[in-house]
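Engineer: Return atomic coordinates for the entry below.
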Amino acid sequence: MKIVFINLLSMKQTFGYISLFIFCFLFPFFLFSQDKAPVWVKKSDFKGGKVIGAVSFSAGDRIIVCLGTDGSSFKKECWEYDPDTDEWRKKADFPGELRMNAVVFTIGDKAYVGTGLNDTKGNNEGKKDFWEYNSITNVWTPKADLPGEGRYGAIGFSIGDKGYVALGAANNQLKFCTDLWEYNPASNQWTKKADFPDKGRDEATVFVIGTSAYVVGGGMSGEIGVGNKSVWEYNATKDKWQKDTDFPGPARIGATAFSINKKGYVCAGYNGVIKYYSDLWEYDPKTKTWNQLPDVSFEPRYHALSFIYDNTIFVGTGICKKQLLSGGGSSDIWSLKFKANNFTDYKAKLLYEDKNKKLPLGQQGVSLIGDEKKVIQTTTTDNSGLFAFKEVDMSGNYQLVLDKNDKIPANAIVSIAKQNGKIIQNLEKNTEGKFSYEIPKLDEIEEDDSYFNLQYFNKSADKEITLTANVYYPAGSAELSKEAQNVIYQVIVSLNQYQNLKVIISAHTDSRGDDASNLQLSEKRAKAAVDYMIANGIDAKRVSGKGYGESMILNKCKNGIDCTEEEHKVNRRTEFKFIKLD
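Structural biologist: A predicted model of the protein is given here:
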């Protein structure tokens, strides 16, 4: 499952009336059949009711919507949307001061929500606090405040493992900010980066391609209406801004922006007076050119929310144009399915084995090498060993190369694994003494429904699930083979990812051999698996095991029955029962 977050922008108050924006989305027409218009599908209404200026984000495999206002009061409720069932579920309320038009950026399984507008005191107060939402534990935690001024109408985005906040209005729009701040979740610290080189502004829009963010438009001090059409690129690697090709459509504030297939898109928006836009524009960073695409096909709106799930865009809530005078907002959600493409995010995990423990290889530099040994992208693993390369062409031939790291023990085995912990391959050193991996096929590393992909179970109402795995032991032995350790490590990864689960391990043998000996052997094997998990950091209260010998044969192959090796193999199994904790 792939989910992509689309940023929610903000609003400003000008000359005694509220300047709101249209929030809409349409995927480029060239991905659809040329003789069929794109079809938007009505989904279930947002369970939180009519709302304006909410934030929506995807963290891990969860989609969350929270905050905003219904025009008369601010909302604290947070809701999770399941696109597979088209259902909403209540989540933990936002614990901070309520607001609308906050910024949000996501890093891994966590989202960071902050800034925003709270006018309960009648002075359009901008906020500067930030809150972390853990999508696994459903817990909000206060984080370090943005060091700059409290603001609203800012932009927020993430590049790699860092978050960024810039621009916005402060002091009741007496000041328009130009500062840019980078957030490091590992240290909970903000770092001042290069200031935006043009005039300060609010309600700009932003999309990210690779390691660059592109800031489009926005309103500036003293304007009647909007006249700014500038585009600025921020390169996070170089911490440098540069002017890009101006936006060719009408100037606007509060537009919607997103990126896909290494291209950026901007649609809709508001001219600050009375004009609302339904146009859609595509930006190609390679040629630095804009191309106009067909207009959106459903009613324009502003202060909406949006997200992408499994090649489908979801857009909803906000104020539609017909609701301008009533100001009550809307709760409808719409989706549009578009074709898959040849680009994907390449995600995997690095591990190393030391003294019979599999440990994450954190803070390890990794390069993606293409044809002619050209470096395509570079990144660094997080503390859990995870890394990602963005929007990689699946048709290419690639090699992963690790930076030299003297902290890796000399005899350690370094492995590359899927996100769910399944070991793909142990790495060998190349002629330069660096660990490397030839990727035979890019999509082989995608996370799939292998042994322990528990996301659907964890989201369901089921209390327990039993999964069977082929854990190999040498004949007559309870010693864990390397293959067995790799399978059991997937259970460890699952328990670390889903803290609300525990596991019971059941070891079974086939009917060959003495009944009592088989029972004793299976008990030793179950204990070996439990001991391995505890040695690798799992709390002993969350794992237990039992051996059943040949007492639970699954087929006809009981004592005295002549069976093939394949038939016996069915009974020689290890079962993992995952149970949700109360």
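
Engineer: average model confidence for stretch 375-384?
Structural biologist: Mean pLDDT, stretch 375-384: 90.

Engineer: Let's see that stretch as CSV, backbone CA atoms only.
Structural biologist: Extracted in CSV, the C-alpha atoms of stretch 375-384 (Å, rounded to 0.1, in the frame of the first residue of the first chain):
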residue,chain,number,x,y,z
VAL,A,375,24.9,8.4,-8.5
ILE,A,376,21.1,8.8,-8.8
GLN,A,377,20.3,9.6,-5.1
THR,A,378,21.9,9.5,-1.7
THR,A,379,20.2,9.1,1.7
THR,A,380,20.9,8.1,5.3
THR,A,381,19.1,5.3,7.2
ASP,A,382,17.1,6.3,10.3
ASN,A,383,17.7,4.8,13.7
SER,A,384,15.6,1.7,12.8
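
Engineer: Off-centre distance for that stretch?
Structural biologist: In terms of CA atoms, centre = their mean, to the nearest Å, the centre of stretch 375-384 is set 16 Å apart from its chain centre.

Engineer: Also stretch 572-579?
Structural biologist: With CA atoms, centre = their mean, you get 29 Å for stretch 572-579.

Engineer: ok, now stretch 140-153?
Structural biologist: With CA atoms, centre = their mean, you get 21 Å for stretch 140-153.

Engineer: which intervals of the stretch 401-550 of the chain have sub-threshold pLDDT?
Structural biologist: 420, 440-453, 475 (pLDDT under 70).

Engineer: do that again at 90, thanks
Structural biologist: Along the stretch 401-550 of the chain, segments meeting pLDDT under 90 span 404-413, 415, 417-499, 509-514, 536-537.

Engineer: who touches stretch 543-555?
Structural biologist: Stretch 543-555 has contacts (CB atoms under 8 Å, 6 or more residues apart in numbering) with 495, 502-511, 515-516, 518-527, 529-530, 533-534, 558-559, 563, 567, 570-571, 573. Using the backbone N, CA and C atoms, a C-beta is placed for each residue, glycine as well.

Engineer: list the buried ones in that stretch?
Structural biologist: 543, 545, 547-550, 553 (16 or more other CB atoms under 10 Å).

Engineer: hmm, back to that, now which of the contacts of stretch 543-555 would you call buried?
Structural biologist: Burial by neighbour count, 16+ other CB under 10 Å: within the contacts of stretch 543-555 this picks out 495, 502-511, 518-519, 521-527, 529-530, 533, 563, 571, 573.

Engineer: Whichever strand in the chain runs longest - contacts with which helices or strands?
Structural biologist: The longest strand of the chain (DSSP state E) is strand 343-354. Secondary-structure packing of strand 343-354 (3 or more CB pairs under 8 Å, 6 or more residues apart in numbering; DSSP states H and E): strand 357-360, strand 386-393, strand 413-417.

Engineer: Looking at the chain, which helix is longest?
Structural biologist: Counting by DSSP state H, the longest helix found in the chain is helix 515-535.

Engineer: can I get the CA coordinates of that helix in PDB?
Structural biologist: Extracted in PDB, the C-alpha atoms of helix 515-535 (Å, rounded to 0.1, in the frame of the first residue of the first chain):
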ATOM      1  CA  ASP A 515       5.900 -39.100  20.300                       C
ATOM      2  CA  ALA A 516       7.600 -38.100  23.500                       C
ATOM      3  CA  SER A 517      10.800 -37.100  21.800                       C
ATOM      4  CA  ASN A 518       8.900 -35.000  19.300                       C
ATOM      5  CA  LEU A 519       7.100 -33.200  22.100                       C
ATOM      6  CA  GLN A 520      10.400 -32.500  23.900                       C
ATOM      7  CA  LEU A 521      12.000 -31.300  20.600                       C
ATOM      8  CA  SER A 522       9.100 -29.000  19.800                       C
ATOM      9  CA  GLU A 523       9.200 -27.500  23.300                       C
ATOM     10  CA  LYS A 524      12.900 -26.700  22.800                       C
ATOM     11  CA  ARG A 525      12.300 -25.200  19.400                       C
ATOM     12  CA  ALA A 526       9.600 -22.900  20.800                       C
ATOM     13  CA  LYS A 527      11.800 -21.900  23.600                       C
ATOM     14  CA  ALA A 528      14.700 -21.100  21.200                       C
ATOM     15  CA  ALA A 529      12.400 -18.800  19.200                       C
ATOM     16  CA  VAL A 530      11.200 -17.000  22.300                       C
ATOM     17  CA  ASP A 531      14.800 -16.600  23.700                       C
ATOM     18  CA  TYR A 532      15.900 -15.200  20.300                       C
ATOM     19  CA  MET A 533      13.200 -12.600  20.400                       C
ATOM     20  CA  ILE A 534      13.900 -11.600  23.900                       C
ATOM     21  CA  ALA A 535      17.600 -11.300  23.200                       C
END
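
Engineer: just to revisit the earlier point, and the helices and strands packed on strand 343-354: which comes nearest Asn405?
Structural biologist: strand 413-417 (9.2 Å; CB to CB).

Engineer: mind listing what the helix or strand that comes right after that closest one pairs with, with the direction of each?
Structural biologist: Downstream of strand 413-417, the next assigned helix or strand under DSSP states H and E is strand 423-426. Strand 423-426 sits in its sheet next to strand 413-417 (antiparallel), going by DSSP bridges.

Engineer: buried stuff in the partner strand?
Structural biologist: By 16+ other CB under 10 Å, the buried positions in strand 413-417 come out as 414-417.

Engineer: And stretch 278-294, by the same measure?
Structural biologist: 278-283, 285, 290, 293.
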